[in-house]
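# Compute the structure for the input listed below.
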Amino acid sequence: VESCGKHWNRLRKAITSGYFMNAAKKDPQEGYKTIVEGQPVYVHPGSAIFNRQPDWLIYHQLVLTSKEYMRSCMQIEPKWLVELAPNF
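Down below sits the predicted model:
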């Protein structure tokens, strides 16, 4: 993380380039929808961004309990998906 200095977007873009298949967009009604399958998912209550609820996320894994929860989430910019995974 030190190699990016104060340029956190470089790190976030690098993660996005590897996990673009795990992108999710905020659903106006409730939670999020995965980009690939349109599956309803939710930010895990233990996540640091649980109260922020950004418009776009990348997640590392899904955990099924009472709902399908995203764990290890990170906010992204939607334009990064087009830039880093144009064929997606």
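# what about the longest helix in this protein?
Assignment by DSSP state H gives helix 8-19 as the longest helix of the chain.
# What's the first helix or strand after it?
strand 23-26 (DSSP states H and E).
# Just the buried residues of the helix or strand just after that following strand, please?
Per DSSP H and E, the first helix or strand lying C-terminal to strand 23-26 is strand 32-34. Across strand 32-34, burial judged by 16 or more other Cβ atoms under 10 Å covers Tyr32, Lys33, Thr34. Just so you know, the C-beta spots here come from the backbone N, C-alpha and C atoms, and that holds for glycine as well.
# Can you give me the pLDDT of the second one?
When you say that, I think you mean Lys33. If you check Lys33, the pLDDT there is 98.
# so who does it touch?
The contact partners of Lys33, by Cβ atoms under 8 Å, 6 or more residues apart in numbering, come to Ala24, Lys25, Asp27, Gln39, Pro40, Val41.
# Kindly report the same for the first one.
Counting by Cβ under 8 Å, 6+ apart, Tyr32 makes contact with Ala24, Lys25, Lys26, Pro40, Val41, Tyr42, Val43, Leu57, Met70.
# Mind checking which of the residues you listed are buried?
Here, 16+ other Cβ under 10 Å leaves Ala24, Lys25, Val41, Tyr42, Val43, Leu57, Met70 buried among the contacts of Tyr32.
# from those residues, which is closest to Pro86?
If you rank the buried ones among the contacts of Tyr32 by distance to Pro86 using Cβ to Cβ, Lys25 comes first, at 17.9 Å.
# Just list whatever residues bridge to the closest one.
Beta bridges link Lys25 to Lys33, Trp56, judged by DSSP bridges.
# how near is it to Asn87?
19 Å (Cβ to Cβ, to the nearest Å).
# Just checking, which helix or strand of this structure averages the lowest pLDDT?
The least trusted helix or strand in the chain, going by mean pLDDT, DSSP states H and E, turns out to be helix 8-19, with a mean of 91.
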